[in-house]
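Asker: What follows is a predicted structure for the sequence shown.
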Amino acid sequence: MAISLNILPKKRSQEEVNLIRFLIDCFGYRPKELGVFWIALTHRSMEFDDESKTNERLEFLGDAILDAVVAELLFSKFPGNDEGYLTKLKSKVVNRKTLADIGERMNIRALLKYNASRQVNISSLEGNAFEALVGAIYLDAGFETTKKCIQNHVLRKFVDLNKLLEEEIDFKSRLIIWCQKKRLKFSFEIEGETHVLGAWEYSIQVNINGRDFGKAKAPSKKQAEQLAAQETLKLLGEI
């Protein structure tokens, strides 16, 4: 029986093959439709009459998706920290410099469509295009798939998340990251609470895998935990 040529798979162009390989390598994602990804890689300097053909709207969407994914990750990673602290960490992960670095490491410029005759900051364009690609994956596959791509591929392959956070965060969180990275059980144990001359004093002991490490006293639990974590990091040779 003759096979209709209409049902034979369409042969991909080299440009399409390169895009698919890029998405698999950088995001761990095989696209269903390529159209939205070409838009994600098209900067407004190309001067289309129809702005929907450039990546600004997708950049807006991807920015929101990234915020949600990173917020959920930090919410789970730091269960004892407040909203202000988590906001500070999130801004460290999704700021313009970090996104531009990710775009550069992915070498997005090799696929990016922009007007090279105009003065543009290519690093900034790569960061924006990265966000647009996140938005494109969301439209192509939904939130859960996009979250897995970011957490399991982007953050692991192109961002040293622990190092990035350690540059800004406090001693307690640094110790938590260190223990989680090495899959060690840890706890901040209250050994004593005393009230002397109208002031409280808390004694905190750090325990890692059943062994006692740093210990400290302070007028608040939070401060005592910080001091005990700092002492522990010193004992571990991490500071």
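Answerer: In hand now; what should we look at?

Asker: hmm, who's touching the helix or strand of the chain with the lowest mean pLDDT?
Answerer: Within the chain, confidence by mean pLDDT, DSSP states H and E is lowest for helix 161-166 among all helices and strands, at a mean of 72. Residues outside helix 161-166 that contact it (C-beta atoms under 8 Å, 6 or more residues apart in numbering): 89, 92, 93, 98, 155, 173, 174, 177, 181. (C-beta placed from N, C-alpha, C; glycine too.)

Asker: Next, count neighbours for the nearest residue to the last one once chain neighbours are set aside.
Answerer: This points to residue 181. Using C-beta to C-beta, 6 or more residues apart in numbering and skipping the chain neighbours, the partner closest in space to residue 181 is residue 162 (6.0 Å). Other residues within reach of residue 162, judged by other C-beta atoms under 10 Å, total 12.

Asker: For residue 162, give its distance to residue 235.
Answerer: 20 Å (C-beta to C-beta, to the nearest Å).

Asker: okay, the residue lying closest to residue 138 once chain neighbours are set aside: pLDDT?
Answerer: Leaving aside its chain neighbours, residue 138 sits nearest to residue 146 (4.6 Å; criterion: C-beta to C-beta, 6+ apart). On the pLDDT scale, residue 146 is placed at 98.

Asker: next one: residue 173
Answerer: pLDDT at residue 173 comes out at 84.

Asker: excluding its backbone neighbours, what's nearest it?
Answerer: That would be residue 78: by C-beta to C-beta, 6+ apart, it lies 6.2 Å from residue 173.

Asker: show me the residues around the one you found that make contact.
Answerer: Counting by C-beta under 8 Å, 6+ apart, residue 78 touches 85, 86, 89, 173, 176.

Asker: repeat that with 10 Å
Answerer: Residue 78 sits next to 85, 86, 89, 165, 169, 172, 173, 176, 177 when contact means C-beta atoms under 10 Å, 6 or more residues apart in numbering.

Asker: How far off centre is the longest helix along the chain?
Answerer: Longest helix in the chain, counting residues (DSSP state H): helix 56-77. On the basis of C-alpha atoms, centre = their mean, to the nearest Å, helix 56-77 sits 8 Å off its chain's mean C-alpha point.

Asker: Over to stretch 28-44?
Answerer: 20 Å.

Asker: Stretch 184-203 too?
Answerer: For stretch 184-203, the separation from the chain centroid amounts to 34 Å (computed by C-alpha atoms, centre = their mean).

Asker: What lies in contact with that stretch?
Answerer: Applying C-beta under 10 Å, 6+ apart, the set of residues contacting stretch 184-203 is 80, 172, 175-176, 178-180, 204-226, 228-229, 232.

Asker: host element of the residue nearest to residue 138?
Answerer: Using DSSP states H and E, residue 146 sits in helix 143-149.

Asker: buried set for that helix?
Answerer: Buried residues in helix 143-149, defined by neighbour count with 16 or more other C-beta atoms under 10 Å: 146, 147, 148, 149.

Asker: surely the second one meets residue 65?
Answerer: Yes. Applying C-beta atoms under 10 Å as the test, residue 147 and residue 65 come out as touching, 8.2 Å apart.

Asker: Could you report the separation of the closest residue to residue 239 other than its chain neighbours from residue 202?
Answerer: Sequence neighbours aside, residue 233 is the residue nearest to residue 239 in space, at 4.6 Å (criterion: C-beta to C-beta, 6+ apart). Here residue 233 is placed at a distance of 19 Å from residue 202 (C-beta to C-beta).

Asker: re the thing from before, report the buried residues of the following helix or strand past the helix holding residue 146.
Answerer: Downstream of helix 143-149, the first helix or strand assigned by DSSP H and E is helix 155-158. Neighbour-count burial for helix 155-158, with 16+ other C-beta under 10 Å as criterion, is recorded at 155, 158.
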